[in-house]
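Colleague: Pasting the sequence and the predicted model now:
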Amino acid sequence: MKNTNKQIAISDLGLASLLVTLHFKLVDMEHVNEKRVGFLFEQTEGIKQVINNFWAGVEIYVSVQNLFNNQKMLKNRLFTFK
């Protein structure tokens with residue numbers, strides 16, 4: 001996970017799906033290497049706490065349907081990203 005002053009790069013699809021579901025702004029996508037793509041999120045208040053909670057296994061309540069719809073949307077973007 002790469003951090004800049006204004007953006008955070010996430011390469012985990014599940015975490016990226018959760019961040020989109022929680023209305024954090026997806027700014028762009030970038031190639032991490034030839035097989036991985038990073039999702040760039042705007043670094044806003046609360047995003048680091050959500051990321052830490054995700055990796056710590058803290059329960060986060062969201063609509064399952066929204067989470068899977070956002071995951072499907074991100075997968076579609078991955079397959080069309082060049």
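Modeller: Sure, I can see it.
Colleague: if you average pLDDT over the helix or strand harbouring Gln49, what comes out?
Modeller: Element membership of Gln49, judged by DSSP states H and E, is helix 47-56. What helix 47-56 shows for mean pLDDT is 97.
Colleague: same check, this time on stretch 8-28
Modeller: 96.
Colleague: Residues contacting that stretch, please?
Modeller: The contact list for stretch 8-28, computed with C-beta atoms under 8 Å, 6 or more residues apart in numbering, reads 1-3, 7, 30, 32, 36-44, 47-48, 50-51, 54, 60, 62-63, 66-68, 70-71, 73-75, 78. In this view, the C-beta of every residue, glycine as well, is placed from N, C-alpha and C.
Colleague: Likewise for stretch 72-79?
Modeller: So stretch 72-79 is in contact with Leu13, Ala16, Ser17, Val20, Met29, Val37, Phe39, going by C-beta under 8 Å, 6+ apart.
Colleague: Farthest pair within those residues?
Modeller: Using C-beta to C-beta, the contacts of stretch 72-79 span at most 14.6 Å, a distance reached by Val20 and Val37.
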